[in-house]
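# build me a model from this:
(chains A and B)
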Amino acid sequence: MMIRLAGTKKIARGTNSYKVDFPIFETKMNGKPLIYLDSASTSQKPRQVLEAIDDFYRNYNANVHRGIYKIAEKATSEYTNSKEKVAKFINAGSMQEIVYVRNATEAINIAALSWGEHNIGKGDGIVLTQMEHHSNMVPWMLLAKRKGAKIDYVELDKRNGKLDMSSLKYALDKRPKLVAFTHASNVLGIITDAKEITRRAHKAGATVVIDAAQSVPHMEVDVRDIDSDFFAFSGHKMLGPTGIGVLHAKRDLLESLEPIMGGGDMIRSVLYDSVSWNDLPWKFEAGTPDISGGIGLGAAVDYLSGVGMRKVREHEKKLTRYALEKLKGIKSVTVYGPEEKDMENRGGVISFAIEGVHPHDVAQIFDSEGVAIRAGHHCAMPLVTQRLGVASLSRMSFHIYNDESDIDTAVKAIEKVKKIFRVK
Amino acid sequence: MSIDMYAEEIISHYEHPHNKGELKDANVSMHEYNPLCGDDLTMYLKIKDGKIEDVKFKGTGCAISMASASMLTDFIKGKSISDIERMGLPTIIELLGIDPGPARLKCATLSLRTVKEAAFLYQHKEIDRATKDL
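Take a look at the predicted model:
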């Protein structure tokens, strides 16, 4: 079935009613309809998000928190409103707990530079897991280096690849100051039991940082239920624009922290010999913020809420199960992460390898079929090279705009790879 | 870049690489690594009277990086060090018979970069910027 949008080219609708909202699918790649299977890297943007950003720049572009004129008031209220939307989306206590940053990476770095700088000392323990993205490792490695702290890694269970809870217990018995872990792995698709890990970490006296870059875009999350201290995610992976991300932290914690960047908008008053900070969340946002990014993120949250996060998750579960079943039937293909019967603990990320073919060659041949996938170590180099023991992996990942026909095309691309490389 | 990248000759060099292995009597060797895709390459060169008398390579990587190493090692046998200093991306494009395009450039040029660095090392010279930028 084909749907014609007003004044635009055709988008093959297939079985998916959301695809038409995403103008990128008018694009052809190598003469073929674009099949986008790289949403774990960045998601595509619906028209509603593009229009919200365009509307701001065209119709009410002005700086926030300053102008005493109509369009500045509108810019301020739309920007602030977007924080209200985000707060509601993750069930934060209030919008005062929503600090806008560039992305999840910056959010984690701010946690390390503000909280970490004042709370981690020589010999203190930091607990990470073996499946962290570099964004939730390197900031802590830098901090540990500065402070002489020690990092322990929670291991993955050899049987099912999930976090080994006895390894977590072992690490927590050493009374670490901090536990930082991913809510959903960008390589293995594993969804961690964030609430339970947080509960145990708190019991051991640790502060908890959660990298939620791969969870917030794909499932319902409730930061109050999880009870995390810091919670980081990116706008661009959740149908929003690049350049905007969120650091959520408990209000008391944010109140107690010193800002790490100074400048306009983050101050209450500045005198030649003294300075005091603005209220939350502005205390952590020095200078003119990414106003259009915030507004775009708000529109993305509206879009996702409109679909409903339970529906998003169900859709991706169905697709992932379908893909896993298909891949299982292909000889010489190895799939990483939990099996299809364990979809409760698995997100829409599938890393795979084709015997004897380098992932970059796989991705290149997929590209020739119009299929975008990722190849490499997925910014989780220790997990891929040390824990899984491979130089790199191919990865397909899904969002609301994907459907079964996309996976069928990917399977055809795998057959093409096997043919070219004469894989049996 | 299109599927032409996987011409029969490239696949054949990938499956059956020429000059693969360690060269026991090499007088210079160089290891290079492409952090983007994990291509890992060591070149062994036996240089005599300013000429490449023999060359072998060891490593793992994608078809483009491995085929280019196989073809390049064939190509440079008997060539002089100054010939190698003059080689650049056009050499690789000619050998592979395709333009690797921006996404695969580092894979394609890894072997040449490694050979050139080995030649600089052999002469106790600083690696020039053109080689680093390959």
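# any weak-confidence spans in chain B?
Under the criterion of pLDDT under 70, the regions of chain B flagged as low confidence span B:1-3.
# let's see that with 80 instead.
Under the criterion pLDDT under 80, the flagged ranges of chain B are B:1-5, B:35-38.
# ok, which stretches of it are helices?
Applying DSSP state H to chain B gives helices spanning B:8-15, B:63-76, B:81-86, B:89-96, B:101-122, B:129-132.
# could you see whether chain A lies near the fifth one?
Yes: using C-beta under 8 Å from any C-beta of the partner chain, helix B:101-122 reaches chain A at B:103-104, B:107. To be clear about C-beta, it is placed using only N, CA and C from the backbone, and glycine gets the same treatment.
# got it, and the first one?
Yes: between helix B:8-15 and chain A, judged by C-beta under 8 Å from any C-beta, the touching residues are B:11, B:14-15.
# quick check: the most centrally placed residue in chain A vs chain B, distance?
For chain A, residue A:213 is the residue whose C-alpha lies nearest the centre (C-alpha atoms, centre = their mean; 1.9 Å). The span separating residue A:213 from chain B equals 21 Å under the rule C-beta to the nearest C-beta, to the nearest Å.
# so for that residue, what's the nearest residue that isn't a sequence neighbour?
What sits nearest to residue A:213 in space, not counting adjacent residues and going by C-beta to C-beta, 6 or more residues apart in numbering or on different chains, is residue A:104, at 4.0 Å.
# try residue A:168
With C-beta to C-beta, 6+ apart as the measure, residue A:154 is the residue that lies nearest to residue A:168, at 4.8 Å, once sequence neighbours are left out.
# who are the neighbours in contact with the residue nearest to residue A:213?
When the contact criterion is C-beta atoms under 8 Å, 6 or more residues apart in numbering or on different chains, the partners of residue A:104 are A:135, A:211-213, A:232-234, A:245.
# quick check, nearest of these to residue A:419?
In terms of C-beta to C-beta, no member of those lies closer to residue A:419 than residue A:213, at 35.9 Å.
# what strand or helix carries the closest one?
Taking DSSP states H and E as the definition, residue A:213 sits outside all helices and strands.
# just checking, it touches residue A:134?
No: between residue A:213 and residue A:134 no contact is recorded; they are 11.5 Å apart, counting by C-beta atoms under 8 Å.
# quick one: pLDDT of residue A:3?
The model reports residue A:3 with a pLDDT of 43.
# ugh, wrong one, I meant residue A:9
Residue A:9 is assigned a pLDDT of 48 by the prediction.
# most proximal residue of the stretch 151-300 of chain A with respect to chain B?
Of all residues in the stretch 151-300 of chain A, residue A:187 sits closest to chain B, at 14.0 Å by C-beta to the nearest C-beta.
# which pLDDT value goes with that residue?
Residue A:187 carries a pLDDT value of 94.
# residue contacts, it?
The neighbourhood of residue A:187, defined by C-beta under 8 Å, 6+ apart, consists of A:131, A:336-337, A:349, A:351, A:378, A:380, A:383-384, A:388, A:393, A:395.
# was I right about residue A:32 contacting residue A:366?
No: between residue A:32 and residue A:366 no contact is recorded; they are 10.6 Å apart, counting by C-beta under 8 Å.
# out of these two, which sits in the more crowded spot?
When neighbours are counted by other C-beta atoms under 10 Å in any protein chain shown, residue A:32 and residue A:366 differ, and residue A:366 comes out ahead with 27 against 13.
# the more buried one is in contact with residue A:411, isn't it?
No: contact status for residue A:366 versus residue A:411: not in contact, 10.9 Å apart, counting by C-beta under 8 Å.
# show me how chain A divides into domains.
Chain A resolves into domains spanning A:2-33+A:308-420, A:52-305 when parsed by automatic domain parsing.
# what's the least confident stretch among those domains?
The weakest mean pLDDT among the domains of chain A belongs to domain A:2-33+A:308-420, with a mean of 90.
# still on that earlier bit, show me the one of the helices of chain B that comes nearest residue B:28.
If you check each of those against residue B:28 by C-beta to C-beta, helix B:101-122 wins as the nearest, at 4.2 Å.
# buried set for that closest one?
Of the residues in helix B:101-122, those buried under the neighbour-count criterion (16 or more other C-beta atoms under 10 Å in any protein chain shown) are B:104-120, B:122.
# packing partners of that helix?
Applying 3 or more C-beta pairs under 8 Å, 6 or more residues apart in numbering or on different chains; DSSP states H and E, one finds that helix B:101-122 contacts helix A:359-368, strand B:28-34, strand B:39-48, strand B:51-60, helix B:63-76, helix B:81-86, helix B:89-96, helix B:129-132.
# same thing but at 7 Å, please
Here helix B:101-122 is seen to pack against strand B:28-34, strand B:39-48, helix B:63-76, helix B:81-86, helix B:89-96, helix B:129-132 when contacts are counted using 3 or more C-beta pairs under 7 Å, 6 or more residues apart in numbering or on different chains; DSSP states H and E.
# pick the most deeply packed of the ones you listed.
Mean neighbour count (mean count of other C-beta atoms under 10 Å in any protein chain shown) peaks for helix B:63-76 among the helices and strands packed on helix B:101-122, with a mean of 25.
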